[in-house]
Each structure stands twice: as C-alpha cells, then as structure tokens.
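S.K.: Dropping a prediction and its sequence here:
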Amino acid sequence: TMRSTSGSSGSDSNSNGDDAEEANTTVSSAQQVKAAAEVERRRTEREEVSKQKDALQRAARAAAAKAALLERQKKEKEEETRKRRLASRAAFEERRKQAEELKRKQQATATKRKAQQQQQGQPQGSSPG
C-alpha cells in the first residue's frame, strides 16, 4: 500500500514559513488597526455621552430656574391678590363705619330737632330740613 502525502515537498516548506510569518504580521497590524479604531470609537462614544450629560444638566438647571421663577411669580400674584382683598375689605369696613356714623348723626339731629320743635310748640315736620 502507498501512503499519499499531502502538502509540499521539503524545498517549499521554507517559503511557506515566510508566508505564515508575513500573514501573522498582517493579522497583527490588522488587529492593531482594529484595536485603534475601537479605542477611537470608545473615546468618541465617551465624548458623546459627556455632551449628552452636559446638555441634560443644562436642561435640568434651566427647568429648575423656570420652575423657581414660576413659583415666585405665583407667590407674588397670591400676595397681590391678598393685599387687594385686604384693601377691599378695609374700604368696605370704612364705608360701613361712615354709613353707621352718618345714620347715628342723622338720628341724633332728628331727635334734637324733634325736642326743639316740641319745646317751641311747632308741629312736627314743619321746620325746614
């Protein structure tokens, strides 16, 4: 029986070794390029994430400032409303007091006039008002 040998003869094996070494070098530099690309991709990704974080933080600060402004405006408006109500109530009370005072004075004047008329003997309602 004969053995069939696959592969190359002894003289060819040396050149195949060079090819393998060159192939390893090519693979190695391809891996380096790939690794460098990966490093760059990760750096870019980190920068992008950082930019997004910054943008989110700016948006959050802006939203907080807006909320604070709206809250302050709301409080100012409530304070204005409270002051208006107090002023309105005070004016109402003042008018009520003045009306009561006027009524009291008119009653006192009427009572005084009535007493004078009775003293003078004049009929009621005949003196000028």
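M.R.: Happy to help now that I have it.
S.K.: residues near Q52, how many?
M.R.: Residues near Q52, counting by other Cβ atoms under 10 Å, number 10. In short, each C-beta sits where N, CA and C put it, glycine included.
S.K.: how much space between it and E40?
M.R.: Separation of Q52 from E40 (Cβ to Cβ, to the nearest Å): 19 Å.
S.K.: And for E79?
M.R.: Taken as Cβ to Cβ, the span from E79 to E40 is 58 Å.
S.K.: And whatever helix or strand K75 lives in, what does it pack against?
M.R.: Using DSSP states H and E, K75 sits in helix 10-120. Using 3 or more Cβ pairs under 8 Å, 6 or more residues apart in numbering; DSSP states H and E, no helix or strand is in contact with helix 10-120.
S.K.: Show me how far it is from its chain's centre.
M.R.: 2 Å (Cα atoms, centre = their mean, to the nearest Å).
S.K.: Mind checking the pLDDT average for it?
M.R.: Mean per-residue pLDDT for helix 10-120: 89.
S.K.: K114: neighbouring residues, count only.
M.R.: Number of residues near K114 (other Cβ under 10 Å) recorded here: 13.
S.K.: Also the one 5 residues further on?
M.R.: Burial of Q119, expressed as a neighbour count using other Cβ under 10 Å, amounts to 8.
S.K.: ok, now how distant is it from R113?
M.R.: The spacing between Q119 and R113, counted by Cβ to Cβ, is 11 Å.
S.K.: and if you look at E101?
M.R.: From E101 to R113 the distance is 18 Å (Cβ to Cβ).
S.K.: same check, this time on A63
M.R.: From A63 to R113 the distance is 74 Å (Cβ to Cβ).
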